[in-house]
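1. Requesting a structural model of the entry that follows:
(one chain, ligands or ions: 1)
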Amino acid sequence: MTYVIQARDLVQVFSTKQGRKKADVRAVDGVSLDVTPGEIVGFLGPNGAGKTTTLRMLTTLLKPTSGTATVAGFDVVRQSVDVRRNIGYVSQAGGAFSGALAGDEVVDHGLLYGMRRQDAIARGKELFAQLDLDGLWKRMPKQMSGGQKRRLDIAMGLINDPKIVFLDEPTTGLDPQARANLWEHIRRLRDELGATIILTTHYLDEADALSDRIVIIDKGKIVASDTPAHLKAAIAGDLVDLVVADTDVAATSELLARFAEQVAADGVHVRGRIAHAGASIPNLLRELDQRGLLLEAIEVHRPTLDDVFLTMTGRSLREAEAANDTTEVPA
Ligand SMILES: Nc1ncnc2c1ncn2[C@@H]1O[C@H](COP(=O)(O)OP(=O)(O)OP(=O)(O)O)[C@@H](O)[C@H]1O
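-> Purely as a prediction, here's the structure:
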């Protein structure tokens, strides 16, 4: 099997100062990864998990503290120029436009890669058409919408026709419609151009919808790496949520425990996890009925990636985000 990206035990330690004390932050703590051509890999994790730092090492912007990686067959440290020639990188911040017209920004970016001006113009126009930026060649980026600016970032990242594309939080800050639209473009990059795509995201639904493989990263380590379907199947099962009368909570919990794992009551909700709930629910309903336990509502939820994250790390992705948000508030 040929891999377009192969990383072994990548580590990145940042030295920081906390007051007068020096403190080391192990931002990436032994990441190994094999990516096959044409794969879309979603890096999912809370703020500060190490996603961007991993991407920066793979794109040669940051030298690993230890470990090795090859991208497009080239070593990220010893052959960084070759790596760069083969990749496109769209950074998280994006939008650092010089004040020139959109088309000129893209062409200038191509010239940086050593392209001839005519080639850069031709490729730029093609990308504008593919990315729904028609008619905006002569528009200043600051007069574009958030979604258009993000697609302009992506056009710049693709100007050299890279076969491997790194997108750092491509849809952050976009409204749902612009996000969905960008997903289409990302899928097309792979389907029509055969590109390999590595993207980072905070959004579970995005990782789920786009990725062939999801790599969950937490505190600098990979805690899971699999297809969205396998990851979801690996956890305990469907969440069954029964809503009953106050007085029936105890008896319902007792009965549900015969069908489900992790049964817990929360107010009038009695919840538990059942593998393949669809097959057990008719029996469960019959037994509830036989005992005179009346349901006010029943809901069955397929496992989400948040459940996976919770199972793998013991924290919900949203809690992890919230905790990080708090620590980032300056004292
Ligand atoms: N230049 C730096 N100096 C010191 N610490 C850093 C530096 N860059 C990142 N870090 C720290 O390394 C850790 C990982 O950061 P990183 O940006 O890779 O996370 P992330 O998963 O991309 O998060 P986000 O979703 O917020 O972008 C964090 O604790 C961060 O504060």
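2. And the contacts of the lengthiest helix in the chain?
-> When the chain is parsed with DSSP state H, its longest helix is helix 176-193. Around helix 176-193, the neighbours that count as contacts under Cβ atoms under 8 Å, 6 or more residues apart in numbering are 38, 40, 130-132, 145-147, 150-151, 154, 158, 165, 167, 170-171, 174, 195-197, 199, 203, 206, 209-210. Just so you know, the C-beta spots here come from the backbone N, C-alpha and C atoms, and that holds for glycine as well.
3. Now, the residues you listed that are in helices?
-> 130, 146-147, 150-151, 154, 158, 206, 209-210.
4. Throw those into TSV and include neighbour count, thanks.
-> Shown next, in TSV, are the ones in helices among the contacts of helix 176-193 (neighbours: other Cβ atoms under 10 Å):
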residue	neighbour count
Gln130	18
Gly146	15
Gly147	18
Arg150	27
Arg151	25
Ile154	23
Leu158	24
Glu206	23
Ala209	14
Leu210	23
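5. ok, so of the residues you listed, who is nearest the ligand?
-> Ranked by distance to the ligand (Cβ to the nearest ligand atom), the ones in helices among the contacts of helix 176-193 are led by Glu206 at 12.9 Å.
6. so how far is the ligand from the nearest residue to that closest one once chain neighbours are set aside?
-> Distance criterion Cβ to Cβ, 6 or more residues apart in numbering; nearest residue to Glu206, sequence neighbours excluded, is Thr171 at 6.3 Å. Going from Thr171 to the ligand by Cβ to the nearest ligand atom, to the nearest Å gives 13 Å.
7. residue contacts, Thr171?
-> Contacts for Thr171 (Cβ under 8 Å, 6+ apart) come out as 150, 178-179, 182-183, 201, 203, 206.
8. For stretch 259-274, what is the distance to the chain centroid?
-> Taking the mean of its C-alpha atoms, stretch 259-274 sits 30 Å from the chain's own mean (Cα atoms, centre = their mean, to the nearest Å).
9. Outside of that stretch itself, list whatever touches it.
-> Contact partners of stretch 259-274, identified using Cβ under 8 Å, 6+ apart, comprise 235-246, 249-250, 252-253, 256-257, 280-281, 283-284, 296.
10. Lowest-confidence member of the contacts of Thr171, which is it?
-> Within those, Ala178 has the lowest pLDDT, namely 76.
11. quick revisit: would CSV of the ones in helices among the contacts of helix 176-193 with distance to the ligand be doable?
-> As requested, the ones in helices among the contacts of helix 176-193 are exported to CSV (distance: Cβ to the nearest ligand atom, whole Å):
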residue, distance to the ligand
Gln130, 27
Gly146, 18
Gly147, 20
Arg150, 16
Arg151, 21
Ile154, 18
Leu158, 22
Glu206, 13
Ala209, 19
Leu210, 17
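12. for those residues, which one is nearest Leu44?
-> Nearest to Leu44 among the ones in helices among the contacts of helix 176-193: Glu206, at 8.6 Å, using Cβ to Cβ.
13. start to end distance for stretch 213-222?
-> 13 Å (Cα to Cα, to the nearest Å).
14. could you list every residue that touches Ile5?
-> The contact partners of Ile5, by Cβ under 8 Å, 6+ apart, come to 33-35, 58, 69-71, 164, 196, 198.
15. From those residues, list the buried ones, please.
-> 33, 35, 58, 69-71, 164, 196, 198 (16 or more other Cβ atoms under 10 Å).
16. now the longest helix of the chain: how far from the chain's centre is it?
-> Distance, centroid of helix 176-193 to centroid of chain: 14 Å (Cα atoms, centre = their mean).
17. Output it in PDB with nothing but the alpha carbons.
-> Output of helix 176-193 as PDB, limited to C-alpha atoms (Å, rounded to 0.1, in the frame of the first residue of the first chain):
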ATOM      1  CA  PRO A 176     -25.100  26.600   7.700                       C
ATOM      2  CA  GLN A 177     -25.800  27.200   4.100                       C
ATOM      3  CA  ALA A 178     -22.300  28.400   3.300                       C
ATOM      4  CA  ARG A 179     -20.900  25.400   5.200                       C
ATOM      5  CA  ALA A 180     -23.000  22.900   3.300                       C
ATOM      6  CA  ASN A 181     -22.000  24.600   0.100                       C
ATOM      7  CA  LEU A 182     -18.300  24.400   1.000                       C
ATOM      8  CA  TRP A 183     -18.800  20.700   1.900                       C
ATOM      9  CA  GLU A 184     -19.900  20.100  -1.700                       C
ATOM     10  CA  HIS A 185     -16.700  21.800  -3.000                       C
ATOM     11  CA  ILE A 186     -14.500  19.800  -0.700                       C
ATOM     12  CA  ARG A 187     -16.200  16.500  -1.900                       C
ATOM     13  CA  ARG A 188     -15.700  17.500  -5.500                       C
ATOM     14  CA  LEU A 189     -12.000  18.100  -4.900                       C
ATOM     15  CA  ARG A 190     -11.700  14.500  -4.100                       C
ATOM     16  CA  ASP A 191     -14.200  13.000  -6.500                       C
ATOM     17  CA  GLU A 192     -13.300  15.000  -9.600                       C
ATOM     18  CA  LEU A 193      -9.600  15.800  -9.000                       C
END
